[in-house]
Structures are given as structure tokens and as C-alpha cells.
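**Student:** with the input below, show me the fold.
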Amino acid sequence: MNVNTNAGEKQNAQSSAAQEALHAIERLVLFAARRHLIEDADYDYSRNQLLSLFNFDEPYAGTMDESELSGPQPLIDVLIDFGYEIGLIPENTDTYRDLLDAKIMGLVMARPSEVIREFREIQTKKGMEAATSRFYELSIDSNYIRMDRISKNVYWKQPTEYGDIEITINLSKPEKSPKEIAMAKLLPPPVYPKCQLCRENVGYRGRINHPARQNLRTIPLTLNDEKWLFQYSPYVYYNEHCIVFHHDHVPMKLTKDTLRRLLGFVDQYPHYFIGSNADLPIVGGSILTHDHFQGGRHTFAIQKAVQEAVFHNDAAPGVSLSLVKWPMSVLRLSSKDQAVLLEAANDIYEAWKVYSDPEADILSHTEQDGQMIPHNTVTPIVRRAEDGGYEMDLVLRNNRTSDEYPEGIFHPHREMHHLKKENIGLIEVMGLAILPGRLKEELDLIADILTGDEELLKSAVSDEVSDLHKHTEWIHALIEKYGTALSKEAAVARVQEEAGNKFAQILEHAGVYKRDEAGKQAFRRFVQHLGYTE
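**Tutor:** Predicted structure coming up:
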């Protein structure tokens, strides 16, 4: 009797889950139609595609909930749970769920050519700003941009002498389980797509070591008479965070053409900034194998930073060069003449690549195995000024290492590695910290110590495998400064403040010219070397 009862309960549970999944399919197709991911003529087709995916022969026959949804994630979660039950994914982990997530949404959105056609029509009728706004909405509604995860990111602004620096603890990028990491290591190196920036990602189903991209759409554009593509980042670290990438899988290389492309982009997208990571290891971005830029609609602290001195050069008429009060070494070029600005910027870049100042510990090249290894490069950032002119920030970079600083002389030094040890890339150069997700819990526990949790303090100090052990020196400094009798709210505020100030110091470490008097004089020597005078 018990056997029959259990079997009946299981069958009822399966039937209930199936009904929930069928209902979710109906609601998802309705959501897609309301958000214009599909047209009316696609309605039945899209429903049938989802029914086929989940092995249903008929649609939902019950009463339909037609209430508005802010996003598709609740419906997708129901469908993925059911998909796991019927074996569409082998394990119920974030990685496998994401693979099915993209597959589901790829079935309820327009084909790439249709998205491009809509973008061009809006651009023609209403302008580029309206076109990008619609494309951004589509990227969110299609769940390519996972707003449900991004909303969990920790964010605060940290006042510093350089302005309000933005701090984020990134929780939007799902972490793989140890088993998934081990499985990925066993797979052969990727052949197709060659990397996550390649155009062939559009519609790709993904695998354990490569994200699914059935819901990715891109917009073609031309830069410097070359084919490029425009898309949004799935992790949007800031508003309308976009990626502009080369049509072909070609490595990053900073040249005069790079600067020309950046200027050409803000002609087409004047409401966006755009920038490039540096092209050398340590000071470069995470993907150097595929030429790309990052841009978006956001005002960073670097843009609002004070200009400490202004210079001019007769060889660059109409161009002003400013030294910017920033923890890193920034030259800001401004002009209404794009062509003249390009020549001036390229002259500075070429001069910097071969410039050395041993007194300031700056060497452009060092010898290794009989070869001269280059170390100087720049992180360039371009935007339109309020008067319609052009602004280009050239952030000077050097990737040299030493016995004292084996990870990089102008890189986060080891005393900062408990917070961040990764490269300082374009986004952080501009004043937006992207700190690792582990810090959400770790900073919260450190705040508990400042409220008097003695057992947690003992564990942090004595247990070398404790997540807090690497913070021991910092914890002692915080206790000396604030004591251990703070309220939890005050403790969290103090820990965030101190972490924010440490990030400003990290940027100072990455600055090739230090903010002391000797560094400022050395920076001026380079400007004078370029032929600029106040």
C-alpha cells in the first residue's frame, strides 16, 4: 500500500511540476511579446519551440496569469528546475542552469538580422541614443544581462582626495564548483569559438568551459574602414556597459589606428565614452588575444578629476594638455579638431613608449636573453566634451617587475593582495573598483570583529586556512584605530571606508609617477620633453 501511495505522490508531484512548467512557458511567451522580443506572428512558433524543448505535446490549458513581470528570471527558474527533473541538464549547478537559461531565451527572441534591422530603423528615425537604449533593454529582457545577479552586487562611493571613487564587490559572475573546474581542465583547448569575444558566439549553445550565448545579439559597425561589432557586457559593471570588438580574432595591439578607432566610435556614439585596456601583460586587460574596447554611458571619477596644470604646444594648435589630479598618471588632451588631437595623442604615445627616467624608476625597455623587452604603454579613454569637442585621457602604464615587486612595480603591492591582486584594467583606472566576490562575506566578518566577536578574531589570527587569515595585519590596524565596541552598522561603514581608501592606494601603486613632489616634478619633465609648456 505504501509503495502505491508513494508512486502516486511522485506521479502527482511530476504532474504538478509539469503544469507549472507549462504555465511558465505561456507566461514567458507573453513576456517576450510584451517586451517586443518577438512579434505577434512569432507567438505560436515561440511557444511550440519551448514545448518541444521540454518534451510537451500540448500547451497549458488552465487559467493564465497575465500579470506584468519586471524580468523573465522567475519563469526561467521554474523551467530550469523542471528541465533538471527531466534530464535536460545533468546537474543542478549555476553553470548548467546558465546553459539552459540561454537556450530557453534564445527561443523567444528575434533573429540577429531582425535585431540589427530594428536598431538601424530606430537610429534613422530617432537617433543613436534611442537605438542604444532599445538595444540595452532587449539585452536585459532577453536575460543576456542578468539583472537579478547584478542587483546583488555590493556598491558604495568612497570620498577621497581625488573625488568619489566607486567601489563594487562583484557577485554577478557565477562561480564554478570545484567539480566543474576539474571537468573544464580535462577538456581540450577551445577551437570554436576561439574566445568569448569572437562573433561566432552569437547563438552558440555553450559548454562547461564556455558560456552559452543563444540570447546574445550584436550590432555591426565600421571603425577605421574595418568591421567591428557592438554588444553589451552580461555583467554591466556600470550603466550601459558595452563591448566593441573586432570582427576577426586578432590580438590587441595599441597603435595610432587604435586611437583613430576610439575617436571614430564617439563620432557615431557621442553619448558614450570608450576606452582600451593597455596591450601589455600585467597592466593589460584579461583578454589580450582579441582586439576590443569597452565603453558605455557612465561618468567616472576620473572624468570629474581636477586639472592641476594646463600646457600647450605650437606643434599641436588648438590642443590643450592637462595634468590630472588622479592616483594614476593621466595626461588629458582636449580639442575640437579630431585630426589634430589624433596626431598629438599619437606623438605622446610614441614618445612614451621609448621614454626612460631612471631617477623616477621608469625604464622603457630592459634586456632579457639578448632582446630588448618593451614596458611602456598607455590606457587610452575617449569621450565627447560638453561643447561637442573631444577629450582623450592617456593613462601612462609600465609593466616592469623587480625582486621587490615580482608581480609588478606599478601593480597592487603585496600588502594589498588580501583585497585585490589582479591587474588594474580600464574600468578600475577610471575609478570603479571591481573587488572579488569573496569580500562580501569577509568584510562582513571583519565588521563582526569590530563589534567584539573575540572567537572570530582568534580564529582569524591562528587558523591559517581561515578566510580571514590573510586580513590579519589589516584587522589589527582596524582594531587599533576603531576598537572592538562598534555597533554593527558603524563597523560595516568603517570597514567599507577603509577598503575604499585602500583601493585609492592600489591605484597609487599603479601610477608610474607618484603623487609626492619628486613624482610631480618627474611627470612635468616628461611633459616638457614632449615640447609642451604652461
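**Student:** hang on, isn't residue 210 packed against residue 195?
**Tutor:** No. In this structure residue 210 lies outside contact range of residue 195 using C-beta atoms under 8 Å: 9.1 Å. Every C-beta, even on glycine, is put in place using the N, C-alpha and C of the backbone.
**Student:** how is residue 191 assigned, secondary-structure-wise?
**Tutor:** coil (DSSP: H, G, I helix; E, B strand; the rest coil).
**Student:** give me the neighbour count for it.
**Tutor:** By other C-beta atoms under 10 Å, the residues close to residue 191 number 6.
**Student:** what does residue 343 give?
**Tutor:** 16.
**Student:** so which bits of whatever helix or strand it lives in are buried?
**Tutor:** If you go by DSSP states H and E, residue 343 is part of helix 338-353. For helix 338-353, burial by neighbour count (16 or more other C-beta atoms under 10 Å) applies to 338, 340, 341, 342, 343, 344, 345, 346, 347, 348, 349, 352.
**Student:** how about stretch 519-534?
**Tutor:** For stretch 519-534, by 16+ other C-beta under 10 Å, it's 519, 522, 523, 524, 526, 527, 530, 532.
**Student:** who's in contact with that stretch?
**Tutor:** By C-beta atoms under 8 Å, 6 or more residues apart in numbering, the surrounding residues in contact with stretch 519-534 are 309-315, 321, 323, 329, 331, 347-348, 351-352, 355, 357, 359-360, 362, 511, 513.
**Student:** and with 10 Å instead?
**Tutor:** The contact list for stretch 519-534 (C-beta atoms under 10 Å, 6 or more residues apart in numbering) reads 308-316, 319-323, 329-331, 344, 347-348, 351-352, 355, 357, 359-362, 396, 508, 511-516.
**Student:** by mean pLDDT, which helix or strand of the protein comes out lowest?
**Tutor:** helix 178-186 (a mean of 64; mean pLDDT, DSSP states H and E).
**Student:** after that one comes which helix or strand?
**Tutor:** With DSSP H and E, the next secondary element past helix 178-186 is strand 219-223.
**Student:** tell me the angle the helix or strand following that following strand makes with strand 219-223.
**Tutor:** Downstream of strand 219-223, the first helix or strand assigned by DSSP H and E is strand 226-232. Strand 226-232 and strand 219-223 are oriented at 140 degrees to each other (axes from the mean of the first three to the mean of the last three C-alpha atoms, to 10 degrees).
**Student:** so what strands line up beside strand 226-232?
**Tutor:** strand 219-223 (antiparallel), strand 242-246 (antiparallel) (DSSP bridges).
**Student:** okay, that strand in PDB with CA atoms only?
**Tutor:** C-alpha atoms of strand 226-232 as PDB (Å, rounded to 0.1, in the frame of the first residue of the first chain):
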ATOM      1  CA  GLU A 226      37.200  47.900 -40.700                       C
ATOM      2  CA  LYS A 227      34.400  45.600 -39.500                       C
ATOM      3  CA  TRP A 228      33.700  45.700 -35.800                       C
ATOM      4  CA  LEU A 229      30.800  44.700 -33.600                       C
ATOM      5  CA  PHE A 230      29.000  46.200 -30.600                       C
ATOM      6  CA  GLN A 231      27.300  44.400 -27.800                       C
ATOM      7  CA  TYR A 232      26.600  44.900 -24.100                       C
END
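**Student:** for it, buried residues please.
**Tutor:** 228, 229, 230, 231, 232.
**Student:** stretch 257-274 too?
**Tutor:** Counting neighbours by 16+ other C-beta under 10 Å, one finds that the buried residues in stretch 257-274 are 258-266, 269, 272-274.
**Student:** next one: stretch 144-160
**Tutor:** Those would be 144, 145, 146, 147, 148, 149, 150, 153, 154, 156, 158, 160, for stretch 144-160 by 16+ other C-beta under 10 Å.
**Student:** and for residue 210 and residue 195, which residues touch both?
**Tutor:** Common neighbours of residue 210 and residue 195 (C-beta under 10 Å, 6+ apart) are residue 201.
**Student:** about what we covered before: so of the contacts of stretch 519-534, which ones are in helices?
**Tutor:** Counted as lying in helices by DSSP state H, out of the contacts of stretch 519-534, are 344, 347, 348, 351, 352, 508.
**Student:** using TSV, lay out the residues you listed together with pLDDT and distance to residue 32.
**Tutor:** Below are the ones in helices among the contacts of stretch 519-534 laid out as TSV (pLDDT from 0 to 100; distance: C-beta to C-beta, whole Å):
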residue	pLDDT	distance to residue 32
344	98	49
347	98	52
348	98	49
351	98	54
352	98	50
508	97	48
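**Student:** including distance to residue 103, could those go into TSV?
**Tutor:** Output for these, formatted as TSV (distance: C-beta to C-beta, whole Å):
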residue	distance to residue 103
344	49
347	50
348	48
351	51
352	47
508	46
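**Student:** of those residues, just say which sits nearest to residue 390.
**Tutor:** Nearest to residue 390 among the ones in helices among the contacts of stretch 519-534: residue 344, at 10.8 Å, using C-beta to C-beta.
**Student:** buried sites along stretch 391-409?
**Tutor:** Under 16+ other C-beta under 10 Å, the buried positions of stretch 391-409 are 391, 392, 393, 394, 395, 396, 397, 398, 399, 400, 408, 409.
**Student:** could you give the angle of the strand or helix carrying the fourth one to helix 338-353?
**Tutor:** I take that to be residue 394. If you go by DSSP H and E, residue 394 is part of strand 390-398. Interaxial angle of strand 390-398 relative to helix 338-353 (the same axes, to 10 degrees): 10 degrees.
**Student:** I'd like the next helix or strand past strand 390-398.
**Tutor:** Next in line after strand 390-398, if elements are assigned by DSSP H and E, sits helix 426-429.
**Student:** by contact count, what packs against that next one?
**Tutor:** Applying 3 or more C-beta pairs under 10 Å, 6 or more residues apart in numbering; DSSP states H and E, we find helix 426-429 packed against strand 163-169, strand 273-275, strand 292-296, strand 376-384, strand 390-398, strand 432-435, helix 488-510.
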